[in-house]
Each structure stands twice: as structure tokens, then as C-alpha cells.
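Q: the following block contains a protein sequence and its predicted model.
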Amino acid sequence: MTEQRINPSILSADFVNLQAELERIATADLVHVDVMDNHFVPNLTMGPPVVERIQAVSPIPLDVHLMISDADRWAPGYAELGASSVTFHAEATEDPVALARRLREIGARAGIALKPGTEPEPYLELLPEFDQVLVMTVEPGFGGQSFMHDMMPKLRRFAEAKAADGLDVWLQVDGGISVDTIGIAAEAGADTFVAGSAVYGGVPEDRIAELRAAAARHRH
Ligand SMILES: O=C(CO)[C@H](O)[C@H](O)COP(=O)(O)O
Ligand SMILES: [Fe+2]
């Protein structure tokens, strides 16, 4: 059976108490860290110095989601500071394969993210180059938005390509994931679930357990 992962997004955490906020999600698989540059998306969060401190204090490995322009220039630095996975946007790189190879060389899992308007081709054929694919289920930039059900056909295309080639690439969804939507994404083939407001909007460990249970009911 497919292994499933719940990655809480600290975008919905209290940014002046990050260490304490990390301790509240001790049962998570990875910590999802949203890096925004106010250029690729109309919002600004943090950069390498803050992510480096999160890496230093977090007992859980980091899943860095780069919503930044010029990923070719900046993404390797996040791998170098020790992030477990570094996901860059397909729309922000000149050469996704070269960048993924560079990230893997440094020792990170390489991820590629697709905005809602980005078609799955040509990435379906490049799947062996990546350790994870992130199908965005909201427009990147903000937490608390509604899950885009119409992204499920795109997710299914990746799930089919993964199954056809027997790959162990993780299929991640991010945006609007809650106990009501996680099963829909799991059904369509997602195995890695990012949730910000759903986790920090309640008691995080309870919310993680509820999300895990809901995803497991729809496991492939
Ligand atoms: O990448 C992101 C936004 O661009 C966040 O990871 C995502 O939105 C999490 O927030 P929520 O679960 O509240 O939708
Ligand atoms: Fe994210």
C-alpha cells in the first residue's frame, strides 16, 4: 500500500514563535516551508537565513517549497543548508532537469511544482528526474484558499505516468487540504499532503491525526 505523508505548512504558524510552533507538529512527516519572494507570487515570507535557523532547530526534516523567480540561482542554497526536499516551480526555471540534478547532487530530494494553469506536459516524461511533483491545488501565494477540485485530472495524469513506469516519485498536493478534501486528492493519486490552515487552525497534533486517518481511508 502507498505510504502517505502529512506535511504541515508553517505559513499558518505564528512567525514570532516558530520554534514552539514546530514542537506542536512533532507527529508530522516533514515540515513544509513556503518561501515567497514578492515577485513570483504577490507575498513575501522568508529567505535562507530564516530557513537555516528552522533547519537547525527542527526535529522534523524540511520540505521547502520555493515560490520564487530565478530558481536556478537560488534553489541550490536551500539544498546546501540541509533541507530534505527542495521544490522549485516549473514556471521559474530555465532548465528543470539540470536544476533537479544539481539538487540531487547536493543531497536533497528534488521537487517540481506546477501552478494551476501549467499543463502536465512535458513533465510527465521527465518524472524519473524528480523525487516529488507538487500539483498546486490553489494559486500559490497565500494560505487559507479553497481547494481546486479541477486539478484532480492533472494529478491523475501524474499518478498514471508514475504507475506505468513503476516509479517511486512522491505526488504532493498543496492548497486547501482539509479532512473534507484530502480523500479526494488521495483518491486521485496524491500520497503527500500539505496542510497549513487545517493543521494550525486547531490542535495541530489532533488535526494531523484526523488528516492521516481521512487520507488512509482513500489510500491506493
Ligand atoms: O504553498 C502554499 C501557498 O502558496 C501553502 O503551502 C498552502 O497554501 C498551505 O495553506 P492552506 O493549507 O491553508 O491552503
Ligand atoms: Fe506550499
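A: Arrived safely. Numbers count the residues shown, from 1 in each chain. Ligands and ions are numbered 1, 2, ... in the order given.
Q: mind listing the strands for this protein?
A: Along the chain, counting by DSSP state E, strands occupy 5-8, 31-36, 62-67, 85-89, 109-114, 132-136, 170-174, 192-195.
Q: tell me the residues on the protein that lie near ligand 1, please.
A: Those residues of the chain that sit near ligand 1, judged by C-beta under 6 Å from any ligand atom, are 9, 11-12, 32, 34, 65, 67, 138, 140-145, 174-177, 194-198. (C-beta placed from N, C-alpha, C; glycine too.)
Q: picking that back up, would you list the strands of the chain in TSV and tack on mean neighbour count?
A: Output for the strands of the chain, formatted as TSV (neighbours: other C-beta atoms under 10 Å):
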stretch	mean neighbour count
strand 5-8	25
strand 31-36	25
strand 62-67	26
strand 85-89	29
strand 109-114	24
strand 132-136	26
strand 170-174	27
strand 192-195	28
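Q: I'd like those strands as CSV, with mean pLDDT appended.
A: Shown next, in CSV, are the strands of the chain (pLDDT from 0 to 100):
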stretch, mean pLDDT
strand 5-8, 98
strand 31-36, 99
strand 62-67, 99
strand 85-89, 99
strand 109-114, 99
strand 132-136, 99
strand 170-174, 99
strand 192-195, 98
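Q: between those, which one is nearest to Ala209?
A: With C-beta to C-beta, the closest approach to Ala209 among the strands of the chain belongs to strand 5-8: 9.0 Å.
Q: hmm, that closest one touching ligand 2?
A: No - Strand 5-8 stays clear of ligand 2 (C-beta under 5 Å from the ion), getting no nearer than 8.8 Å.
Q: packing partners for that strand?
A: strand 31-36, strand 192-195, helix 204-216 (3 or more C-beta pairs under 8 Å, 6 or more residues apart in numbering; DSSP states H and E).
Q: between these, which gets nearest to ligand 2?
A: For ligand 2, the closest of these is strand 31-36, at 4.4 Å, according to C-beta to the ion.
Q: distance between the closest one and the chain's centre?
A: Mean-position distance between strand 31-36 and its chain equals 8 Å (C-alpha atoms, centre = their mean, to the nearest Å).
Q: same thing with stretch 103-122?
A: Put simply, stretch 103-122 sits 10 Å off its chain's centre (C-alpha atoms, centre = their mean).
Q: ditto for stretch 68-88
A: The answer for stretch 68-88 is 13 Å, by C-alpha atoms, centre = their mean.
Q: buried residues, it. List them.
A: 68-69, 71-72, 74-76, 78-79, 81-88 (16 or more other C-beta atoms under 10 Å).
Q: just the terminal-to-terminal distance for that stretch.
A: For stretch 68-88, the first-to-last residue distance is 8 Å (C-alpha to C-alpha, to the nearest Å).
Q: same thing with stretch 14-26?
A: In stretch 14-26, first residue to last residue: 16 Å (C-alpha to C-alpha).
Q: which residues are in contact with that stretch?
A: Residues outside stretch 14-26 that contact it (C-beta atoms under 8 Å, 6 or more residues apart in numbering): 8, 10, 13, 31, 53-54, 57-60, 199-200, 204-205, 208.
Q: from these, pick the one nearest ligand 1.
A: When the contacts of stretch 14-26 are compared for distance to ligand 1 (C-beta to the nearest ligand atom), Val199 comes out closest, at 7.6 Å.
Q: what's the burial count for the closest one?
A: 29 (other C-beta atoms under 10 Å).
Q: and if you look at Glu210?
A: 18.
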